[in-house]
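Enquirer: Give me a model of this one.
(2 chains)
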Amino acid sequence: MPDRLLVSPRGLRLLPALAAALCPLSAPAATPVRPPVVSYTIEVSLDPATHQLEGKERLTWRNPSADTVHELLFHTYLNAFKNNRSTFMRESGGKPRGEEAGGKPGDWGWIDVLSIRTRDGTELRPEAAYVRPDGNDIFDETVLSVPLPSPVAPNGEIALDIKFKAKLPKIFARTGFVRDYHLVGQWFPKLGVYEPAGMRGRPAGGWNCHAFHANSEFYADFGDYDVTLDVPTNYVVGATGRRTAGTKQGGRTRYRYVQNDVHDFAWTADPNFVVHEFRFDPVTDVPESWIAGAAQELGMPEAELSLKPVAVRVLLQPNHARARDRYALSARQGLAFYGLWYGAYPYETLTVVDPPDDGQGSGGMEYPTFITGGTFGIPLRWPFDRVPVVEDVTIHEFGHQYWYGMVGSNEFEEAWLDEGINTDSEYRAMSLAFGPRQVNLPGGIGFDLSSLAHSDYARLPNLDPIRRFAWRFASGNHYGVNSYPKVGLLLAQLKHDLGPRDFARAERAYFQEWSFRHPSTEDFFAVFERVCRRDLSTYRVNLVDGTARLDWSVVSARTQRREADEGVFDGAKGRETKKEAGSTSGLYDTVVLFGNLGEWSHAAKARLVFRDGAVVDRDLPAEARWVRLTTAYTSKLAWAAVDPDRDNAWDGNRENDSKVLGTGKGLADTGGRAAAVKTFGWVSYVVGLFTQILWALA
Amino acid sequence: MNGRRGLLGAGFAALSQGRLILLLTLATVLLGVTAAIPLWPALHGAFVDTLAGDHVLSNHPTFAPTDVFDFLREKSPAVSGTFEAAHGSALLGVLLQMLLAGGIVAALGRPGPFVWSEFFTGCRRNLWHNVKCFLLFAVLLLGIGLLAGGAWWVGKRVYEDAPPWSDGWLRWRLGVAAVALLLFAVSSLLYDFARAARRRDPGAGAFHAYGSARRLLAGSFWRSLGTFTFWLLFGGVSVLLLLGLEWWGNARSWAGIALHTLLQVAVLAARSGVRVGAWGSLLALYDERAAFIP
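Expert: Numbers count the residues shown, from 1 in each chain, chains lettered A, B, ... in the order given. Next up is the predicted model:
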């Protein structure tokens, strides 16, 4: 063996875990704010022929700050679909989610706020005006400012009666209609968030109410909703919350839904829905191995991981019967995973909506206690049914009940806090549910869904940090990659560096402390630093607010037979002149240069593998820009690699992580040449087949 | 029934021309390998000189997709070059088929042994005729494409408001596909018979040949269509079986890869054989009916 370079600092890694075990896991779990900041009582009727809504809204808002508030700001987001000059349409080019908007005159959507009255009958609508907090799109009418005749005092309250009329757009982005199917989201005048000084780092209190942007989702305050939906009786309805009543009258039915401690309300109506209802039972639906795994990782007794029953309702399209059990199982798995690792799902209901094939623009979306999945005919049939798209989407959207639904981060300004964290949670849930290889195609081809994240990260021009206002990213793709898979890699890196146990404990603590609140990036790191007792500023500064990448590489590697002694040597026997032509010492000198070509400093593992099978591992220190390893050994170097186990998820270029010097001899033989030949043969074969298919035509 | 069995028998008899099938197979392999050559340096650099090849070969659930995507990203010029070369190969393949079809028409299914000199003479003599026939065939295909595309567009308009599970839209699509396939079969038979016209009349022009083909097809439409359908299905099933065998072959060792490659060559050979068999049947039909065509 060569000089023993094996350094495996496992002992050192135990120290943080030990420290974490000694420190308190978290502050007490957060409870919903009582009384809530906002309460909505809404009555709305749907005309399915015109796809219009007519509604009355009684709103109560309690000033959560020490400021005197002179105006209210409302989201009127259906106006994003009013014309092609809105901020949303301009930014998306009229094709958000790939579907074109406004193909026909009846495809546009809008909302008219007809009246806003105070309890004493004062009409505020004439003074209300659309404002543009994020730019100068003069036709954008997605934020309505309502000046108040008398300001709301600190901790004071105001109640308003609002009348509105709205037209749903043809579905192309989250909300709207396709034939009889209606997915009704962002449909009523909804207040923005008044952030008191100090909240999310604000120096002074003020409204946070952005225009509806193409690259963003939503941000609103937690509150209580009491909504009555008036629809034709033949329509099947699903909505946020618990249905408390249903009364029929003259061919129409009024359904009442109630839900506290949520920050939005969405609903759906379609006469074609096939309803599948079941009850999530923690006793029978949670695998024991999951409970044991969570208890072990979190260092908690299993008894403290108890979950609650949930009434689940899946609303299926008639031609998606094959997806029924897949939706149901995914909902169960989501409830189990998120409940065990973060905290029990606190609501009584969950509604899963399956959009029609041509309504996929509303698919893959989350609202409180209400999510939309997404599939169409082909993915439900062999062999495509081996790809768990239905499961992945359902688990991801369910995960938003936690990261968005309960931990109410600002999706406009810090999208990574919900989309990114949820992407990591989704990877973990999918891995638990399907094993390391979630996609299993015929022919032994399979892969881990999360492994695709690195490709997105690596191929994206490195222009943006993770935290940036959603509409200020270089492009929609930059928003997407920075908010979803790149965060998955960041958290994988954190998990490796902190250890899975500390990471899991910190993430659970973050959820527990910030449920029903509005955290910021700083709040996230504060919880992690406290629980793990580590300074994590390098992650926040360089990776979340910066664009630093890590890129350890094998810069060069050479191995050659050591020359025999030659020349004049002074030894114990006196001076000796050596020249032994042709003879050698039997040793090989190996020199490998490792370098960090990235901007971020972080440790990595180096591995040298010799032709006789000997393996040498060494740690490359974080502060080093380069490390040269030199050994003399009786066998040639076969290959050298940095980060051979791919522990550093943040490494931006894996192409340069290894160098193979020789194949075909010894224990350290690699299959690279066979892989190249096989791939070459396969490409030739595909081209041959392609040629023969054209022959059939000719 | 007897006649059809005779046609199919003639087709299977043509499969005894192993060297002809080998020629077609080798031509395909050569075209495929030629197109893949631009990729070799990139494959060597990425797969042989790094550990990526190991990961891909073992299909590691986490490593392999990353390495494949890294390869496609980092070596995109080579990948693009291979795509371009594949298009070139396919075009050459079409030209080669026009050339070889001339020989097949001249030499296949004749009484007595298959004579290579007759085959190559036929290749040379019928090439220009086959090119003209191909251009006419291309016009027919374009017409079918426009017709099918138009019908599809009309269907989309008609069924715009129908739900995705409505039977009407499904039936419309299936109907369009069936009619398009039928028209393709008719055009393909016309094209084959027009090329076969040189078998009896070495000086026949393309338009005249298509006219003869139309009359021949009109006189034996169902037999021709049955023969076409048989070889289409027989070829499809046999190729799919071999494709499946090849797809499921989990080759990691050198021996496994060699076997895998042999299976791939077998797929290409099967496809070539089906082509020769179909020609054997169609030429038998032509020989049987041509004497009665004015």
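
Enquirer: Break chain A down into its domains, please.
Expert: A:11-30+A:424-544, A:550-565+A:583-675 (automatic domain parsing).

Enquirer: Tell me if the first one is near chain B.
Expert: When you say that, I think you mean domain A:11-30+A:424-544. Yes. Domain A:11-30+A:424-544 reaches chain B (C-beta under 8 Å from any C-beta of the partner chain) through A:436-437, A:442-448, A:450-452, A:454-455, A:458-459. Just so you know, the C-beta spots here come from the backbone N, C-alpha and C atoms, and that holds for glycine as well.

Enquirer: Pick out the residue in the stretch 1-150 of chain A sitting closest to chain B.
Expert: The stretch 1-150 of chain A approaches chain B most closely through A:Lys104 (9.8 Å), counting by C-beta to the nearest C-beta.

Enquirer: What is the neighbour count of that residue?
Expert: Neighbourhood size, A:Lys104 [other C-beta atoms under 10 Å in any protein chain shown]: 8.

Enquirer: unless I'm mixing things up, it is touching A:Pro169, no?
Expert: No. The pair A:Lys104 / A:Pro169 is not scored as a contact, 10.8 Å apart, by C-beta atoms under 8 Å.

Enquirer: that older thread, and the domains of chain A, which one is worst for confidence?
Expert: Among those, domain A:11-30+A:424-544 has the lowest mean pLDDT, at a mean of 88.

Enquirer: residues contacting whatever residue of the stretch 101-250 of chain A ends up closest to chain B?
Expert: Per C-beta to the nearest C-beta, A:Arg179 is where the stretch 101-250 of chain A lies closest to chain B, at 5.9 Å. Residues in contact with A:Arg179 (C-beta atoms under 8 Å, 6 or more residues apart in numbering or on different chains) are A:Pro356, B:Asp161, B:Pro163.

Enquirer: same deal with B:Leu24?
Expert: So B:Leu24 contacts B:Leu100, B:Ser272, B:Arg275, B:Val276 (C-beta under 8 Å, 6+ apart).

Enquirer: For the first one, which non-adjacent residue is spatially closest?
Expert: Closest residue to B:Leu100 apart from its sequence neighbours, by C-beta to C-beta, 6 or more residues apart in numbering or on different chains: B:Cys123 at 6.2 Å.

Enquirer: could you point out which element follows the helix or strand hosting A:Asp619?
Expert: In this assignment (DSSP states H and E), A:Asp619 forms part of strand A:615-620. Counting by DSSP H and E, the next helix or strand C-terminal to strand A:615-620 is strand A:626-633.

Enquirer: Check which residues of stretch B:266-276 are buried.
Expert: Residues B:Ala266, B:Val267, B:Leu268, B:Ala269, B:Ala270, B:Arg271, B:Ser272, B:Gly273, B:Val274, B:Arg275, B:Val276 are the ones in stretch B:266-276 that count as buried (16 or more other C-beta atoms under 10 Å in any protein chain shown).

Enquirer: So which of those sit within strands?
Expert: If you go by DSSP state E, the buried residues of stretch B:266-276 have nothing in strands.

Enquirer: contacts with chain A among these, please.
Expert: Among the buried residues of stretch B:266-276, chain A is touched by B:Val267, B:Leu268, B:Arg271, B:Ser272, B:Arg275 when using C-beta under 8 Å from any C-beta.

Enquirer: does the first one really touch A:Ser684, like I thought?
Expert: What that stands for is B:Val267. No. Taking contacts as C-beta under 8 Å, B:Val267 lies outside contact range of A:Ser684: 12.0 Å.

Enquirer: For the stretch 151-294 of chain B, what lies in contact range of chain A?
Expert: B:161, B:163-165, B:188, B:247-254, B:257, B:260-261, B:264, B:267-268, B:271-272, B:275.

Enquirer: List only those of those residues flagged as buried.
Expert: Buried subset of those (neighbour count, 16+ other C-beta under 10 Å): B:163-164, B:188, B:247, B:249, B:251-252, B:257, B:260-261, B:264, B:267-268, B:271-272, B:275.
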